[in-house]
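J.: okay, structure incoming, though there's no sequence with it:
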């Protein structure tokens, strides 16, 4: 499209992707992020050489400003859930899940001695703007239309209780999204007015899925539990697992159902939240006696 | 080997590998790290459920204490450059380089219209304990012995000026390593007495390589330069690239030589150093006027 400048609003992850890819190909990128974005995410944008402008406001303020700037200055706007290509990118996650599932599914049915396809895969994905869940839904629809996949997975959206505009609409049985005043430590899914809400609702509705909401405490607990099996997730990533825990407790999924949880961000991107999930390490003198005491 | 507990000293990266893998298989791990380790590295260890003990001292103090504890308590000691298996692990990086090089090399000679193997690959690797450089050297030796690789690459070790015990010995033409009092912002290669020094010297000597040293300022500059092509490296990782810059200036490598630079750590692990390589982002009100002013 030959634009000189690509711009996006981001809490940090979408911006990191744009900034990193832009650096790799010599494209100019401008990122508007809320000034509350975690330091690691902002550092990454700056290192990639993007022009970073922090907004004294919310992600939604950054979003609106980005759209205005794109119009005013003739920049190409890549905003999530606004630019139609973002869902096309995110749908490739569905292709990866499908590749994995073909192998895992065969293995699973071999183990239970049953070749029939009783139980669909249930996928848990954290939801902010609603673009990832919409994208993977589209990916699976494409695969089914191509005849490459027999059965649509169930898709369960997970939102933070403090940022649940889409879950609210889903359970209110409406496609009209009402803005909330988002407040959650999961910065990547902290959104007042989700921009891809309607498709996000349909992703769950059309796949026999649902929406669950999780508290910040449940998200922090999930960070610790994922860590103990070797996965270090940022809060928004861990939220999806917290959603699985909640869904299992309320029999949205059964103990025998195959499930997949999407982790959408590295824990290294938000150390402050991670440290709230664990106890500080002790500091000792480098002596055997000090070790014995601390053990 | 059926040990109940595996212990290692680490500035953070070796510990993260041990902690993550231990979590994945239900193994108990204890990590001794200097209390100066970057916060992100310590958080990762804690999240993975390892027992973390911060030592009021250097990496070398943590190292010695770990060896003592392993003897006293019957733990399995995985210390880098002490446990022989660590080089066996690190040598797999040589296999990956070889796989890449077979393809790239063919392409390279096709481009210059010449099928002969004039120029060996020159590899730049940052050196602390000396275990990575020793490991990749061993990996290439294995490949040559197997008859799978025709020619040994040149291996160039890069040390921080403030932590250059191995480079000092190399250029002093001795295999006797003299301890230094290490001082560099590249925490992962900050070592007083390298534990794999002799093999690290030979890795350069036996491959027609050499050692170069780089200042902390050169490392910070390298972080910024790598970022601008889409690579976000921690200081120790960027040091290898700073070494290439220096080697190119002093004709250790020529402009036509194929080179490979190993990045040994994600920049997300040390945000504070990264922020020293860039300018802070401005904070503005979310208005068009404020954007115009800041542009």
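T.: On my side now, so go ahead. Here the structure is a predicted model, which means the values were calculated and not measured.
J.: against which helices or strands is the lowest-mean-pLDDT helix or strand in chain A packed?
T.: Least confident element among the helices and strands of chain A, by mean pLDDT, DSSP states H and E: helix A:92-111 (a mean of 84). The contact analysis (3 or more CB pairs under 8 Å, 6 or more residues apart in numbering or on different chains; DSSP states H and E) places helix A:92-111 against helix A:131-145, strand A:259-261. Any C-beta I mention is one placed from the backbone N, CA and C, and that applies to glycine too.
J.: what's the following helix or strand after it?
T.: Later in the chain than helix A:92-111, the nearest helix or strand by DSSP states H and E is strand A:122-126.
J.: would you agree residue A:155 is in contact with residue A:135?
T.: No. Under the criterion of CB atoms under 8 Å, residue A:155 is not in contact with residue A:135, lying 10.9 Å apart.
J.: and those two? Which one has more around it.
T.: Neighbours were counted for residue A:155 and for residue A:135 using other CB atoms under 10 Å in any protein chain shown; residue A:155 has more, 28 against 25.
J.: thinking again about what came up before, and the least confident helix or strand of chain A, how far out from the chain's middle?
T.: Its chain's C-alpha centre and that of helix A:92-111 lie 21 Å apart, by CA atoms, centre = their mean, to the nearest Å.
J.: could you do stretch A:26-38 as well?
T.: 18 Å.
J.: now it: buried residues?
T.: Within stretch A:26-38, the residues that count as buried by 16 or more other CB atoms under 10 Å in any protein chain shown are A:27, A:29-35, A:37-38.
J.: again, but for stretch A:201-217
T.: For stretch A:201-217, by 16+ other CB under 10 Å, it's A:201-204, A:207, A:209-214, A:216.
J.: as CSV, the residues you listed with secondary structure, pLDDT and distance to chain B would be great.
T.: Formatted as CSV, these follow (DSSP: H, G, I helix; E, B strand; the rest coil; pLDDT from 0 to 100; distance: CB to the nearest CB, whole Å):
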residue, secondary structure, pLDDT, distance to chain B
A:201, helix, 98, 28
A:202, helix, 98, 31
A:203, helix, 98, 30
A:204, helix, 98, 30
A:207, coil, 98, 30
A:209, coil, 97, 29
A:210, strand, 98, 29
A:211, strand, 98, 27
A:212, strand, 98, 24
A:213, strand, 98, 24
A:214, strand, 98, 18
A:216, helix, 98, 17
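J.: can you show me the helices along the stretch 151-295 of chain A?
T.: Secondary structure of the stretch 151-295 of chain A (DSSP state H, counting those that start in this stretch): helices located at A:165-171, A:197-205, A:216-227, A:235-249, A:271-276, A:288-294.
J.: touching chain B at all, the fourth one?
T.: No. With CB under 8 Å from any CB of the partner chain as the measure, helix A:235-249 is seen stopping short of chain B, the closest distance being 10.1 Å.
J.: give me the angle between that helix and helix A:131-145.
T.: Relative orientation of helix A:235-249 and helix A:131-145, computed by axes from the mean of the first three to the mean of the last three CA atoms, to 10 degrees: 60 degrees.
J.: could you give the angle of helix A:235-249 to strand A:122-126?
T.: 140 degrees.
J.: which secondary structure elements does helix A:235-249 contact?
T.: Applying 3+ CB pairs under 8 Å, 6+ apart, one finds that helix A:235-249 makes contact with strand A:122-126, strand A:154-160, strand A:210-214, helix A:216-227, strand A:259-261.
J.: again, but for the last one
T.: In terms of contacts (3+ CB pairs under 8 Å, 6+ apart), helix A:288-294 is packed against strand A:283-284, helix B:59-73.
J.: enumerate the positions of that helix that are buried.
T.: Neighbour-count burial for helix A:288-294 flags A:290-291 (criterion: 16+ other CB under 10 Å).
J.: residues in contact with it: which ones?
T.: The contact list for helix A:288-294 (CB atoms under 8 Å, 6 or more residues apart in numbering or on different chains) reads A:282, A:284, B:53, B:65, B:68-69, B:72.
J.: mind checking the backbone torsions on the residue lying closest to residue A:121 once chain neighbours are set aside?
T.: Spatially, and ignoring its direct neighbours in sequence, residue A:121 is nearest to residue A:153 (4.2 Å; CB to CB, 6 or more residues apart in numbering or on different chains). Residue A:153 adopts backbone torsions of phi -70, psi 160, taken as degrees, to the nearest 10.
J.: what's the neighbour count on residue A:153?
T.: Residue A:153 - counted by other CB under 10 Å - has 23 other residues nearby.
J.: same check on residue A:82?
T.: 18.
J.: so how far is chain B from it?
T.: Residue A:82 sits 16 Å away from chain B, going by CB to the nearest CB, to the nearest Å.
J.: and the stretch 101-250 of chain A, which residues reach chain B?
T.: Counting by CB under 8 Å from any CB, the stretch 101-250 of chain A sits next to chain B at A:223-224, A:227-230, A:232.
J.: would you mind listing which of these are buried?
T.: The buried subset of these (16+ other CB under 10 Å) comprises A:223-224, A:227, A:230, A:232.
J.: can you redo those residues as CSV with distance to residue A:92 and pLDDT?
T.: Converted to CSV, those look like this (distance: CB to CB, whole Å; pLDDT from 0 to 100):
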residue, distance to residue A:92, pLDDT
A:223, 26, 97
A:224, 30, 96
A:227, 27, 96
A:230, 25, 95
A:232, 23, 97
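J.: ok, so of those, who is nearest residue A:178?
T.: residue A:223 (29.4 Å; CB to CB).
J.: that closest one: what's it in contact with?
T.: Contacts of residue A:223 (CB under 8 Å, 6+ apart): A:233, A:235, A:238, A:267, A:273-274, A:277, B:47.
J.: ranking the residues you listed by neighbours, who comes first?
T.: Top of the contacts of residue A:223 by neighbour count (other CB under 10 Å): residue A:238, with 34 neighbours.
J.: and for that residue, nearest residue in space, chain neighbours not counted?
T.: Per CB to CB, 6+ apart, closest to residue A:238 is residue A:222, 4.0 Å.
J.: beta-bridge partners for the closest residue to residue A:97 other than its chain neighbours, please?
T.: Nearest non-adjacent residue to residue A:97, counting by CB to CB, 6+ apart: residue A:260, 6.2 Å away. Beta bridges link residue A:260 to residue A:123, judged by DSSP bridges.
J.: pull up the gap between residue A:260 and chain B, please.
T.: Distance from residue A:260 to chain B, by CB to the nearest CB: 18 Å.
J.: so where's the stretch 1-150 of chain A shaky on pLDDT?
T.: A:108-109, A:112-118 (pLDDT under 70).
J.: follow-up on the earlier one: just the buried residues of stretch A:26-38: which are in strands?
T.: A:29-34 (DSSP state E).
J.: and which of these is nearest to residue B:16?
T.: Distances from residue B:16 to these, taken by CB to CB, are shortest for residue A:33, at 27.1 Å.
J.: quick check: the closest one vs residue B:92, distance?
T.: For residue A:33, the distance to residue B:92 equals 38 Å [CB to CB, to the nearest Å].
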